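Visitor: everything below, folded, please.
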Amino acid sequence: MAKWNPQSIQSDLAAFSDDPRVQQELRRRRRRIIAISVAICVIVGLGAPPAYRAFRTYQINRNLETAKAAARVEDWGTARNKARSVLLARPGDFDAYRIWHKALSNMNEPRTYMVAAQLFMDPRATREDRLFALGVLARQGPEAVALGAFASMDESMREEPSVLAALSPLLIRRGESALVEKTLRESPAAQSDPAIQLELLRSLCSAPSEERVKEARQIFAGLIAANASEPALQALLILAETPGGLAKGEPLPPLPEWVQVQPKATTLHHLNALHPEIDEAGAASGPIFQRAIDRFLDLDPGTLGTWLVRHNQSDRAADLLAAAALSSPSAYIARLHALLRTKRTDEITALLDDPPDSCDLVDLWLAKAAAARMRDDRPAESEAWVNALNNAAFDQSRNRFLEIGQYATTLGAASVIEDSWVAGIRIGWGPIPLYRDLRPVFASLSTKSRSEDLLAIFRTLLRFEPMNVDLINNYHYLALLHELESPADAVSALENLVASAPDKPEFLSALAFAHLMADQPEQALARIPALRQSKRVSPMMIQALEGTARVLAGQPDAGRQLLDQVNWRLFMRAESHAFRKLLTRREIRDLPLPPLELLTPTPGPEDAPAWRRAVERLEKQRAKDMLPALPIPQVPGTVTAE
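Guide: Residues are numbered from 1 along each chain as shown. As a prediction, this is how the structure comes out:
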């Protein structure tokens, strides 16, 4: 309860006064107080949103300026985070988007290619923006996306040397170095543009010969003389991997002195700069190696060890890295490979049992696979490959599956090569080749009845090549085989496809099969005469289609005669299962059905290795990713890449 005092008593008495004048004055006072309060509330209410908006705009602009400043000093982590915060608040800010893209590309984030594709197609993008984005797509993205971006350019721009220079890493990877070399040589800017000179050097070194390496060395010397630091540092790494690229003699200047003053030079640059000295010293190069060891053993033992192994100093590297391998993951992996080179099996076994913390698990299991193969321990090797794939599925830094495939190729592990391609394509990032270049992989999977993997691969590739008619045809066929598409939908889609590609009679095979699945045997039979004109469909498949169609059309004797000649062992398991299911519809006895032993079920999800389950989760997450509409991929100097 409130305490009473003389002042409050006086005020209360005044408030309850019966004097009309006092009451009127009190009412006026109350109205003034209410009016003032309302006015204050209105003023505050109207002024708050503009003040908040102004503060919010100030914060966004300050983050944008911070992102720009970070990009100037190549602090890409800060640039990425600040630019992203701007885009969350102001999605249409193109300056922030440009910085975000550049930061992601320099940090080699795996899905940078999607940002690059959006930037490339943005009408606000400048010529320099598009060139940079095209270069990112060529280095980091699926080939179809990069070549589709190239195809979307005006014809005059596609012929520019700078465009071809941006695309050259992809073209050289595809074996198109002759095209790159010819175009860049003819460019008036070939002698003055460091970027064009670097790509010409890359092209020359991709197919080295004495004369080509000599020219590449001259380009490198020219980049150094022109103070083109970054291209020259890249050229140094390329030449170090090229036989004779860093041999002694003209026209190379003293490389250690030059590298010493390059602010962006890494340990590997400093080590590669010693190559001319090592080449000149020959058998007396021991002191040069010792100089490198003295300088870098404590600073960067992993890079040093790998460099020594490449110079046939594996025993020396293994001994030098013994202490560093206890705590340094990179030194540990380098020592493992040195021991594998020298086949010191006892030391390999001891080292594999005690890896350091934070060791790259993919690299560790690859080394274990190589060690098991050296011992001819097949179960251990198989387990190591599976664990390498399992850990690759959880590495979001890059597409490790493609790396595993390359390593498996060097060891001749065929099944691992197939698994790595399946997983590497399905996760959908990295330098995934064009559909047409993957046909050997598809053939290998087909011979092993891995139709589920083929279907998953085709589903992914359709995101990158949605207008590839061969890919569309094979996808519908496999989706029908695995009952993921209704026969009616498949017939409709394949009829449209056949009509759009009259020069591809082989598509009639999938359409005839769709007719059979839709219980339309007469329509299937009508497709057979034209299908026989194709040389890309096996006679055995045509025989199976016609025989099945005749059985379903009420001609069992004619169908049986055709089916008697079919070797079902040449078909994929899913195909044999589908034909058997079709042929049992009419309940006709003594039909030559696919043998039951060919229909062994595939392992269920619970039996699948961890990498498969992880890849499936990544596919579901990726389903929300959107790529801009791009034309059919086109390789420079050729027709479209169908």
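
Visitor: tell me where the model's unsure across the protein.
Guide: Within the chain, the segments meeting pLDDT under 70 span 1-23, 26, 39-52, 55, 597-607, 637-642.

Visitor: spatially nearest residue to residue 344, not counting backbone neighbours?
Guide: Distances taken as Cβ to Cβ, 6 or more residues apart in numbering put residue 318 closest to residue 344, at 6.8 Å, once the chain neighbours are dropped. For every residue, glycine as well, the C-beta is placed using N, CA and C.

Visitor: same check, this time on residue 144
Guide: Using Cβ to Cβ, 6+ apart, the closest residue to residue 144 is residue 464 (3.8 Å).

Visitor: and for the residue nearest to residue 344, the neighbour number?
Guide: Counted with other Cβ atoms under 10 Å, the neighbours of residue 318 add up to 26.

Visitor: again with residue 53
Guide: Neighbour count for residue 53, taken as other Cβ under 10 Å: 10.

Visitor: I'd like to know how far it sits from residue 86.
Guide: Residue 53 sits 16 Å away from residue 86, taking Cβ to Cβ, to the nearest Å as the criterion.

Visitor: same thing with residue 75?
Guide: The gap separating residue 75 from residue 86 is 16 Å, by Cβ to Cβ.

Visitor: between the two, which one's more packed in?
Guide: For residue 75 versus residue 86, neighbours defined as other Cβ under 10 Å are more numerous around residue 86 (24 against 15).

Visitor: can you tell me the closest non-neighbouring residue to that one?
Guide: Using Cβ to Cβ, 6+ apart and skipping residues adjacent in sequence, the residue nearest residue 86 is residue 96, 3.9 Å away.

Visitor: give me the contacts around the strand or helix carrying that neighbour.
Guide: Taking DSSP states H and E as the criterion, residue 96 maps to helix 94-106. Helix 94-106 has contacts (Cβ atoms under 8 Å, 6 or more residues apart in numbering) with 64, 67-68, 71, 74, 76-77, 79-80, 83-84, 86-87, 90, 111-112, 115-116, 118-119, 122, 124, 129, 132-133, 136, 140.

Visitor: swap the cut-off to 6 Å and go again
Guide: The contact list for helix 94-106 (Cβ atoms under 6 Å, 6 or more residues apart in numbering) reads 64, 67, 71, 76, 79-80, 83-84, 86-87, 112, 115, 119, 124, 136.

Visitor: now do stretch 274-289
Guide: With contacts defined as Cβ under 6 Å, 6+ apart, stretch 274-289 is touched by 246, 247, 248, 252.

Visitor: so of these, which ones are in strands?
Guide: With DSSP state E as the criterion, strands contain none of those.

Visitor: buried ones among the residues you listed?
Guide: Buried members of the contacts of stretch 274-289, counted by 16 or more other Cβ atoms under 10 Å: 246, 247, 252.

Visitor: any idea how far the second one lies from residue 210?
Guide: Distance of residue 247 to residue 210, given as Cβ to Cβ: 10 Å.

Visitor: same question, the first one
Guide: Between residue 246 and residue 210 the distance is 15 Å, computed by Cβ to Cβ.

Visitor: can you give me the helices in the stretch 401-550 of the chain?
Guide: In the stretch 401-550 of the chain, the segments counted as helices under DSSP state H, counting those that start in this stretch are 414-426, 439-447, 451-464, 469-481, 487-500, 507-517, 521-531, 539-552.
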